[in-house]
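In: Give the three-dimensional model of this entry:
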Amino acid sequence: MSYVLHRVAVAAALASLASVATAQTAGMTTDRDGNTGYASPEACDAAIQSGKAKFYKPQTKQKPKLGEGEVSVSSILLKDLSPNYSKGACDKGVATARGRGGVSKALQGKWIPFSPAMEINAYKDKDGKIVRVTMRQCDNHFSDLLPRPTPVAVAPAPAPAPVVAPAPAPAPAPVVAPAPAPAPVLKAAEVVSFPYVFGTLGAQRDLISNGPIAGIAQHDDHDTKLALQGGVGYQINKIWGAEAFAQFGRGHDFENGVESKVRALGLRATAGTNLGEATRVFGKLGVASVKHTGDVEGSQTRPILGLGLTHAFSKNLALRSDLDMFLKKSSDDSRHWKDLVYLGVGVQYNFK
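Out: Below you'll find the model as predicted:
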């Protein structure tokens, strides 16, 4: 009987080791820098508990940046944050948010092991309480204000020794208290909807068509002058937004002797995507009222096509550039206005 029990115990141990190995490799993802992520937090925890985990190593460098309500920052080890982090952390990989990066795209949504000896930035409020931590080298954020700790394994209570002869009932074995659950942390939602204002300075190129004179075709005249564009907008979500704007410029002097000023008022929708931690590119589509005053007057409602680019210096302030084309409308007049093009660079202020 003891031989059979021994065989059963060995088989159970082998099955347990196979289960751990399977949990560690199932769904494991590796990015181009060699960092790994797992499909579930349980698989990530198992890799750390077995000593097989390859801990995350940041690749970029970024200085700490204080957020709202934070007055100081210091460098500590992850395990010094609390006893819950004595084994490290298994945290869900996230993308760029709050003005700082996350992890590579391949590991976003995966569970990533972090070493208890990893250096972190500990951000504190006016009372000296730690309210947020980031990765020390790159200042990249975790999925929450604090990462998810890896549970500390608790050894099971030993089985009672077999009783050979009747004896008084043994005292119950002491109960081992489970590891305390991590304290709840307020989630910091990523800001994706916000209003903003912008202004750019650049140049506008206006084009006027000249009809034939005495049957002889005339070339079109164009002139480029300094111009200003400004407006307000609202970012609805990570992709879509809307803007209202006004554009004014200096008077144009064309080769045919025509002098004219132009102004535009318009509405447009925007659709874009992020190119890294701080840069965003977007397209624009809308309509504008374009009015000319001077020797050749007129007012038209024209469609607009455009491209824009922003690069954030902080949570609120960004560099902005715009390229806009106010498309011509067909006309039977011998002399009429054609395409109007604007190119400018300036700033955008986000109310986050």
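In: Isn't residue 135 up against residue 60?
Out: No - the criterion here is CB atoms under 8 Å, and residue 135 misses it with residue 60 at 9.5 Å. Backbone N, C-alpha and C define where each C-beta goes, glycine included.
In: neighbour-wise, which of those two wins?
Out: A direct count of neighbours by other CB atoms under 10 Å for residue 135 and residue 60 places residue 135 higher, at 25 against 11.
In: okay, the closest residue to the more buried one other than its chain neighbours: pLDDT?
Out: Nearest non-adjacent residue to residue 135, counting by CB to CB, 6 or more residues apart in numbering: residue 58, 5.2 Å away. For residue 58, the pLDDT comes out at 92.
In: Give me the number of neighbouring residues for residue 233.
Out: 19.
In: List the contacts of it.
Out: 195-198, 241-244, 270 (CB atoms under 8 Å, 6 or more residues apart in numbering).
In: try it again with 7 Å
Out: Counting by CB atoms under 7 Å, 6 or more residues apart in numbering, residue 233 touches 196, 198, 241-243.
In: Would you confirm that residue 246 contacts residue 265?
Out: Yes - at 5.3 Å, residue 246 and residue 265 qualify as touching, with contact defined as CB atoms under 7 Å.
In: thought residue 65 was touching residue 141?
Out: No - judged on CB under 7 Å, residue 65 makes no contact with residue 141 at a distance of 10.6 Å.
In: Which of these two has more residues huddled nearby?
Out: Just comparing residue 65 and residue 141: by other CB under 10 Å the higher neighbour count belongs to residue 141, 25 against 16.
In: Please name the bridge partners of the more buried one.
Out: Beta-bridge pairing for residue 141 (DSSP bridges): residue 134.
In: dump the residue contacts of it.
Out: Residue 141 touches 97-98, 100, 102, 134, counting by CB under 7 Å, 6+ apart.
In: Can you tell me which of the residues you listed has the most neighbours?
Out: Of the contacts of residue 141, residue 134 is surrounded by the most neighbours, 23 neighbours in total, counting by other CB under 10 Å.
In: re earlier: if you look at the contacts of residue 141, which of them are in helices?
Out: Using DSSP state H, no member of those falls within helices.
In: and which of those is nearest residue 301?
Out: Within the contacts of residue 141, distances to residue 301 taken as CB to CB reach their minimum at residue 97, with 39.4 Å.
In: Tell me the bridge partners for the closest one.
Out: Following DSSP bridges, residue 97 is listed with bridge partners residue 100.
In: And the helices in the stretch 1-150 of the chain?
Out: Listed in chain order, the helices of the stretch 1-150 of the chain (DSSP state H, counting those that start in this stretch) span 2-25, 41-50.
In: ok, now which ones touch the residue nearest the centre of the chain?
Out: Nearest to the geometric centre of the chain sits residue 96, at 2.6 Å (CA atoms, centre = their mean). Residue 96 makes contact with 102, 274, 277 under the criterion CB under 7 Å, 6+ apart.
In: quick one, what contacts the closest residue to the second one other than its chain neighbours?
Out: In this structure, residue 274 finds its nearest non-sequential neighbour in residue 280, 5.2 Å apart by CB to CB, 6+ apart. The neighbours of residue 280, taking CB under 7 Å, 6+ apart as the test, are 272, 274, 310.
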